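Undergrad: Here is a sequence together with a model predicted from it:
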Amino acid sequence: MRITNNTISSNFLGSLNRSLEKSLKIQTQLADGKALHAPSDDPIKAVRSLRYSTSMELNNQYTQNAEDALSWMNTTDDDMQDLSSIMISIKEQVVQASNGTNPQSAIQAIGDSVDNLINQMINIGNSQLGGRYIFAGQNDKTTPFIRDGDTITYNGDNQKISMPIHPGISTPSQDSVNLTGEDVFGPNLKILNDLIDIKNHLKSGSTEDQEWLSETGLALIEEDHSSMLQSHTELGARMSMYEMAKNMLDGSNTIIAEDQANNDYIDVAKGIIDYKNAENVYKMALQIGASIMPMSLADFLR
């Protein structure tokens, strides 16, 4: 088989270009540290990199959800503690009013104090975070609690707000971050209505009212406070779950970032060695080429 000068030249130039391309590729990788600049650089690594990026994006969304949820629940937790403190204060005042040693005027003054505490509870019920009413359910752009005399109206709903922190279907018992008006104050605002009733008996201040307060009134406060504490406890359990989930997500993000860095970026020391080797190969190819390339007419005319 006859090998022409053109064949020798073509093969040599092809080999030389491949050596140059390899050298330039390594040089580009060293410039920014990235091993991948196009899927063709390493198809397997490219697919793996895409998988890492997708996982990181999803994890970042779950992490943001966890942070938003904890912010919401921490605000709710503070409000529930304040409501619990008010319930304790009301109980103490009712005990004082029903001990049979107070004049009617003193009992009525306690009624005024309880009335003010009810207003404080309503104000807490209307607390906001980022322009959203935290106890209004999903109807969180509308003021949930309105008082008109002894009538208190709830304008929110009893829907849960979910902030998923894992793939799959959200379940309100696990993924909900809010307490609704019913969760806090009972069905049909039972707790607030009980306190209105207690306030009215205090304002009347008669012997019969004092007896009612010492028997029925105090029992209602105990029952209502227990119901409120139950909701608070359930909130605390969900807070703990979200805190653990956030810690796991943070750890997962760290691992994914490390794996992606190992996949997407080069080992600089190895890259320098590879570049030197590729450069030496290119130089040697030039030297060899100079000796094996067919002589031109100019060579014969020297």
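TA: Arrived safely, thanks for sending. Residues are numbered from 1 along each chain as shown.

Undergrad: Could I get the full set of strands for this structure?
TA: For the chain, the strands defined by DSSP state E occupy 128-129, 132-133, 145-148, 151-154.

Undergrad: deepest of these, which one?
TA: strand 132-133 (a mean of 18; mean count of other Cβ atoms under 10 Å). Where C-beta positions appear, they are placed from N, C-alpha and C, glycine not excepted.

Undergrad: what's in contact with that one?
TA: Applying Cβ atoms under 8 Å, 6 or more residues apart in numbering, the external contacts of strand 132-133 come out as 126-127, 140-144, 156.

Undergrad: From the residues you listed, list just the buried residues.
TA: Buried members of those, scored by 16 or more other Cβ atoms under 10 Å, are 126, 140, 144, 156.

Undergrad: For the residue nearest to residue 253 when sequence neighbours are not counted, which residues are in contact?
TA: Spatial nearest neighbour of residue 253, chain neighbours left out: residue 59 (5.2 Å); criterion: Cβ to Cβ, 6 or more residues apart in numbering. Counting by Cβ under 8 Å, 6+ apart, residue 59 touches 249, 252-253, 256.

Undergrad: Inside helices: which ones of those residues?
TA: Within the contacts of residue 59, residues falling in helices by DSSP state H are 249, 252-253, 256.

Undergrad: Let's see the PyMOL selection covering just the buried ones among these.
TA: The PyMOL selection below is limited to those of the ones in helices among the contacts of residue 59 classed as buried (16+ other Cβ under 10 Å):
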select buried, resi 249+253+256
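
Undergrad: so where's the protein shaky on pLDDT?
TA: Counting by pLDDT under 70, the ranges of the chain that qualify are 1-41, 168-174, 264-302.

Undergrad: Run through the helices of this protein in chain order.
TA: Counting by DSSP H, the chain has helices at residues 5-32, 43-97, 104-125, 172-175, 181-185, 190-204, 207-212, 218-264, 268-292, 297-301.

Undergrad: Buried deepest among the ones you listed, which one?
TA: The most buried one of those (mean count of other Cβ under 10 Å) is helix 181-185, showing a mean of 24.

Undergrad: Check which helices and strands it is in contact with.
TA: Secondary-structure packing of helix 181-185 (3 or more Cβ pairs under 8 Å, 6 or more residues apart in numbering; DSSP states H and E): helix 104-125, strand 151-154, helix 190-204, helix 218-264.

Undergrad: quick revisit: can you add distance to residue 177 and give the strands of the chain back as CSV?
TA: Converted to CSV, the strands of the chain look like this (distance: least, Cβ to Cβ, whole Å):
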stretch, distance to residue 177
strand 128-129, 11
strand 132-133, 11
strand 145-148, 20
strand 151-154, 19
